[in-house]
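Peer 1: Okay, here's the prediction I keep looking at, along with the sequence it came from:
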Amino acid sequence: MSGPDPVSGNPPPTGRGADDKQRQLDAERVSADGAYLTTQQGVRVDHTDDSLTVGERGPTLLEDFHAREKITHFDHERIPERVVHARGAGAYGYFQPYDGSLGEYTAAEFLTDPSLRTPVFVRFSTVAGSRGSADTVRDVRGFATKFYTRQGNYDLVGNNMPVFFIHDGIKFPDFVHAVKPEPHNEIPQAQSAHDTLWDFVSLQPETMHMMMWLMSDRALPRSYRMMQGFGVHTFRLVDGDGRGTFVKFHWKPVLGTHSLVWDECQKVAGKDPDYNRRDLWDAIEAGQFPEWELGVQLVPESAEFDFDFDLLDATKIIPEEEVPVRPVGKLVLNQNPDNFFAETEQVAFHTANVVPGIDFTNDPLLQARNFSYLDTQLIRLGGPNFAQIPVNRPVAPVTNDQRDGYHQSRIHRGRTSYTKNSLGGGCPMTAGADQGAFRHYQEKVEGHKIRARSESFKDYYSQATLFWNSMSPWERQHIIAAFRFELGKVETVEVRERAVAQINHVDHDLAVQVAEGIGVPPPSSEVRPNHGRSSPALSQANAVTGRLETRRVAFLVSDGVDESAVRLISEELRSRGAIPELLAPTDGSVRTSDGGSIAVDRALSTMASVLYDAVYVPSGEENLQNLSSDGLALHFVAESFKHGKPLAATGHGVALLGRAGLVNVRLANEGDGAVTDQGVVTDVDNPSSPGVSGHFVHALGAHRHWERDSDQVPA
Ligand code: HDE
């Protein structure tokens, strides 16, 4: 791609060399196309399969520099994985503000100049699992963005939940030790459902708000592209005159916020452990670029104490109904990395990477993070020069007197590496605010040195109750089921009981239902009356957008399928950006009812319903006979139904839904045209029913259909 946009002057949106960062990376990108195999010293190699030995059966010689170098390099290929957020996936893109309106609050150019497209790298992650763990575990997701701004790198290192488990970073090692696999046997991997986590939780009531989020569907995102992001802490915007405004950052996905169900997640973890990683990669490769809107909640400093919680407490949200989220710009991810290790593994985010116009608050969790990230990266990336790794390098010029150390790759010229100097002409010079220097926000603070937490942090339950009150009926059912699952895996009865006692502070009815599911005595009475307040913005039921882009729809086909039905529905879905795939008992092609043939995308045995958003069974008498005797096809339909997914069937295909054991749902009969009930769309009379495609599109746009009562469906 080349040439700026003639109207905006912006670089083209995607492709090599598309922006300052990509141009910088291009200089580092290498390829083996047409090249000879060489040693690290550039010497060409003629043979790399046999070591240099004495005779054909003799010992290997020490002088075989090629073999030694090859093996030695291999021996050193691993670096420590991240102590948390070890498993992740990343992509490049850009951020662009909508207008200059934030200029009133911040000097940060990338947030206020609508003509600027700032290059970014974003890494999504799970928290507890190790690098090779599955994507679809119950966990928080990291959402870390590095903005390569012209004023230096700014990192917004957020999560997909707006609160955190603890108030103060000093407890972070305790929390992480509790949630990670237990130390004696390193079990369980990437799971919170075990004794040590719940032991910790039951003894640290400040975790309860976050535990509500963790037990909700937010912990099971359908896609990284369909989850919100949050900066979590209250940060500070600072204008050109040094005036501050409190700010909370939000990312809202354009495709809506959607989740999987727990049973599905567990199955996906086996069928495709790379589910979320693959989804991100495939969408970008297909040109369906993920997008989020950046929003801010702004609070004037004069209003710092107007809330019934402390703005410095990261276990609290500012309800959107109290302070609306103001949309300020768009994030687009449009390029996959070339090399996972070089880019996604070596990227180093740090909350203290700020640019003029953005500053910290005294949130004790944030303060600890400002220490931790650089510290951990010194060991993870092997020394103090990791900012020179291509993915980490700013596009802003870097000049300072920091020298030497492992992996120094720059050649600093000149005699001086100190400030002040005269021999180097006084360079590099310090800048004033007029030359774009970062000036720390001048906050007046005073107090005694103490180890104590302010009383204003100590309401542990009100917002946990707010979250519970804001959930739709189906979201509540999922939360109850999650608590029952997690605590049902806890072996120590006292820990189960203590956890239920904590839940009783959130809501009595919830605690009773959890207790009944895990065989401990339900709490006899309410300890805190439910305040009855709710925040509709917290419910995912209110985050449905009706958009179909990138939704995967399985078509169950076999010999004798009605081709016109397949074509009609697949064209309708494709026109809306969804992805139809034909699954058949074997790969290759199937014979159609009119004697033609259509290509199959995948064999049924290589896929599963849990890897699709919806399923369609087309007409064809022989197709129905084939699929009715195929356990995989019947299971596919039943499982899709159980997981609330939209289903469609036309002509003979409708009978397959009945045979798969769908219950409490109305299927079309002879003579009643297109019928839709609880996201199941059928038409017996018209194999290529336009009515079906319209209803199906609608059902798919709703994501899932939780109104179904499908507990009896065996899948
Ligand atoms: Fe992190 N966190 N964290 N964290 N965190 C790390 O940094 C830490 C916290 C988050 O994709 C580590 O380079 C402390 C909150 C993300 O590379 C480490 C505390 C939030 C990522 C670290 C927190 C996060 C990390 C591990 C409590 C959401 C992955 C390796 C004070 C707002 C970034 C590394 C990536 C990674 C420390 C709490 C988000 C050890 C001490 C709150 C998204 O430095």
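Peer 2: Noted; the coordinates are in hand.
Peer 1: Get me the contact residues on the stretch 51-200 of the chain for the ligand.
Peer 2: Residues of the stretch 51-200 of the chain lying close to the ligand (Cβ under 6 Å from any ligand atom) are 82-85, 88, 123, 125, 142, 144, 157-159, 164, 169, 172. In short, each C-beta sits where N, CA and C put it, glycine included.
Peer 1: Quick check: which element contains Asp199?
Peer 2: Secondary structure assigned from DSSP states H and E places Asp199 in helix 195-203.
Peer 1: got the buried residues for that helix?
Peer 2: For helix 195-203, the neighbour count (16 or more other Cβ atoms under 10 Å) marks Thr196, Leu197, Trp198, Asp199, Phe200, Val201, Ser202 as buried.
Peer 1: Show me where the stretch 151-300 of the chain has its helices.
Peer 2: With helices called from DSSP state H, counting those that start in this stretch, the stretch 151-300 of the chain shows them at 172-179, 195-203, 208-215, 262-271, 275-285.
Peer 1: what is the mean pLDDT for stretch 52-63?
Peer 2: Here stretch 52-63 scores 97 as its mean pLDDT.
Peer 1: ok, and what's touching it?
Peer 2: Residues from elsewhere that reach stretch 52-63 (Cβ atoms under 8 Å, 6 or more residues apart in numbering): Ser51, Asp64, His66, Ala67, Arg68.
Peer 1: Dump that stretch to PDB, keeping only the CA atoms.
Peer 2: The C-alpha coordinates for stretch 52-63 follow below in PDB (Å, rounded to 0.1, in the frame of the first residue of the first chain):
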ATOM      1  CA  LEU A  52      30.500 -33.500  11.500                       C
ATOM      2  CA  THR A  53      31.700 -36.900  12.800                       C
ATOM      3  CA  VAL A  54      34.800 -39.000  12.600                       C
ATOM      4  CA  GLY A  55      33.800 -41.500  10.000                       C
ATOM      5  CA  GLU A  56      30.100 -42.400   9.400                       C
ATOM      6  CA  ARG A  57      29.600 -44.100  12.700                       C
ATOM      7  CA  GLY A  58      32.100 -42.100  14.900                       C
ATOM      8  CA  PRO A  59      31.800 -39.400  17.600                       C
ATOM      9  CA  THR A  60      30.700 -35.800  16.800                       C
ATOM     10  CA  LEU A  61      33.500 -33.300  16.500                       C
ATOM     11  CA  LEU A  62      33.700 -30.100  18.700                       C
ATOM     12  CA  GLU A  63      34.800 -28.200  15.700                       C
END
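Peer 1: Show me which residues of stretch 294-307 are buried.
Peer 2: Of all the residues in stretch 294-307, those buried under the rule 16+ other Cβ under 10 Å are Leu294, Gly295, Val296, Gln297, Leu298, Val299, Phe307.
Peer 1: In the residues you listed, find the pair that's most separated.
Peer 2: With Cβ to Cβ as the measure, no two of those lie farther apart than Leu294 and Phe307, at 22.8 Å.
Peer 1: so what's Gly532 closest to, chain neighbours aside?
Peer 2: Spatial nearest neighbour of Gly532, excluding adjacent residues (Cβ to Cβ, 6 or more residues apart in numbering): Asn469 at 6.7 Å.
Peer 1: next one: Ala674
Peer 2: Closest residue to Ala674 apart from its sequence neighbours, by Cβ to Cβ, 6+ apart: Gly691 at 3.1 Å.
Peer 1: so which strand or helix has the one you found?
Peer 2: Gly691 belongs to helix 690-701, assigned by DSSP H and E.
Peer 1: any residues touching that helix, and which ones?
Peer 2: So helix 690-701 is in contact with 544-548, 551, 553, 568-569, 572-573, 576, 578, 613-614, 616, 646, 648, 650, 673-674, 676, 679-683, 686, 705, going by Cβ under 8 Å, 6+ apart.
Peer 1: Select only the buried ones of these in ChimeraX?
Peer 2: Buried members of the contacts of helix 690-701, defined by 16+ other Cβ under 10 Å, are picked up in ChimeraX with:
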select :545,547,548,551,553,568,569,572,573,578,613,614,616,646,648,650,674,676,679,680,681,682,683,686,705
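Peer 1: Mark out where each domain of this protein begins and ends.
Peer 2: Residue ranges for the domains of the chain, per automatic domain parsing: 88-175+215-387, 552-701.
Peer 1: quick revisit: could you say which helix or strand contains the residue nearest to Gly532?
Peer 2: According to DSSP H and E, Asn469 maps onto helix 462-470.
Peer 1: Okay, angle between that helix and helix 208-215 too, please.
Peer 2: Helix 462-470 runs at 40 degrees relative to helix 208-215, counting by axes from the mean of the first three to the mean of the last three Cα atoms, to 10 degrees.
Peer 1: 37 is where my numbering starts, stick with that
Peer 2: Happy to do that; since the first residue is 37 now, the last one works out to helix 498-506.
Peer 1: just checking, next helix/strand downstream of helix 498-506?
Peer 2: Following helix 498-506 in sequence, per DSSP H and E, is helix 509-524.
Peer 1: quick one: stretch 332-349 to chain centroid distance?
Peer 2: For stretch 332-349, the separation from the chain centroid amounts to 28 Å (computed by Cα atoms, centre = their mean, to the nearest Å).
Peer 1: Need the mean per-residue confidence for it.
Peer 2: Stretch 332-349 comes out at a mean pLDDT of 98.
Peer 1: mean confidence score for the helix holding Gly727?
Peer 2: 94.
Peer 1: Mind giving me the packing neighbours of the helix holding Asn505?
Peer 2: Here helix 498-506 touches helix 244-251, helix 529-542, going by 3 or more Cβ pairs under 8 Å, 6 or more residues apart in numbering; DSSP states H and E.
Peer 1: now for the ones you listed, which one comes closest to Val364?
Peer 2: Ranking the helices and strands packed on helix 498-506 by proximity to Val364 (Cβ to Cβ) places helix 244-251 first, at 24.4 Å.
Peer 1: hang on, the earlier thing: tell me which of the helices and strands packed on helix 498-506 sits most buried.
Peer 2: Of all the helices and strands packed on helix 498-506, helix 244-251 has the most neighbours on average by mean count of other Cβ atoms under 10 Å, namely a mean of 25.
Peer 1: who's in contact with the closest residue to the ligand within the stretch 237-386 of the chain?
Peer 2: For the stretch 237-386 of the chain and the ligand, the shortest gap (Cβ to the nearest ligand atom) falls at Val268, measuring 3.5 Å. Taking Cβ under 8 Å, 6+ apart, we find Val268 in contact with Gly194, Asn195, Met197, Pro198, Val199, Phe200, Ala350, Leu401.
Peer 1: Quick check: which element contains the last one?
Peer 2: If you go by DSSP H and E, Leu401 is part of helix 400-416.
Peer 1: Show me what that helix is packed against.
Peer 2: helix 208-215.
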